[in-house]
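[1] fold the following and give me the result.
(one chain, ligands or ions: 2)
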Amino acid sequence: MKTINFTVNGRNYKLDVKDNEILLDVLREKLHFTGAKEGCGEGECGACTVIMDGKAVTSCIILAVEADGSDIETIEGQSVGEEISDIQEAFIEENAIQCGFCTPGMVMSTKALLDRNPDPSDEDIDIALSGNICRCTGYYSIRNAVKRAAEKKGGSQS
Ligand code: FES
Ligand code: FES
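    Ligands and ions are numbered 1, 2, ... in the order given. Sure, this is the predicted structure:
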């Protein structure tokens, strides 16, 4: 066991974790941030994506001990009460959600992208979301949602 300290959605947590415990399980089972999903469990589908120190990461292949001292953002931190984020709004407006299983991961990858590049090209979007698999909507609506989110945030005007 090791004691880790980290921040999730702006709040500090101190937890005892096993050496082989993965970050996704700690977030979901110990802290009850259940928005990040377990799809493949192998770093391939992106359903478990959260932001760690500004970077989108697949939390199913990160050990909780690796998150010691880090700053984590999850989908739960993207809305305040009833108020959802520009990115979440854009996904709804562009019909980029069907079953919703991939959506928390898509939104977090989008946030990491727009935080570092407020005006992404189609190629930038495709690269940033290349690790996020959606079995429902097809990727055009998702790309449009990212562009719309960029517009809402004052980036791309095209
Ligand atoms: S569950 Fe983590 S990448 Fe698929
Ligand atoms: S909306 Fe169902 S997997 Fe993407």
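[2] the strands in this protein, which residues?
    Taking DSSP state E as the criterion, the chain carries its strands at 2-8, 11-17, 49-52, 55-58, 71-73.
[3] what's near enough to touch the residue nearest the centre of the chain?
    Closest residue to the average C-alpha location of the chain: residue 108 at 2.4 Å, with CA atoms, centre = their mean. Neighbouring residues of residue 108 by CB atoms under 8 Å, 6 or more residues apart in numbering: 36, 49, 50, 51, 56, 73, 74, 75, 78. C-beta here means a position set from N, CA and C on the backbone, and glycine is covered the same way.
[4] list the contacts for the nearest residue to the fifth one once chain neighbours are set aside?
    Right, the one you point to is residue 56. Distance criterion CB to CB, 6 or more residues apart in numbering; nearest residue to residue 56, sequence neighbours excluded, is residue 112 at 3.9 Å. Residues counted as contacts of residue 112 (CB under 8 Å, 6+ apart) are 51, 54, 55, 56, 128.
[5] from the residues you listed, which two are the most distant?
    Using CB to CB, the two most remote members of the contacts of residue 112 are 54 and 128, lying 13.2 Å apart.
[6] okay, these two: which has more neighbours?
    A count of neighbours by other CB atoms under 10 Å puts residue 128 above the other of residue 54 and residue 128, at 19 against 12.
[7] ok, residue 66 - how many residues close by?
    For residue 66, the count of nearby residues is 14 (other CB under 10 Å).
[8] wait, isn't it in contact with residue 23?
    Yes - in this structure, residue 66 is within contact of residue 23 by CB atoms under 8 Å, at 7.2 Å.
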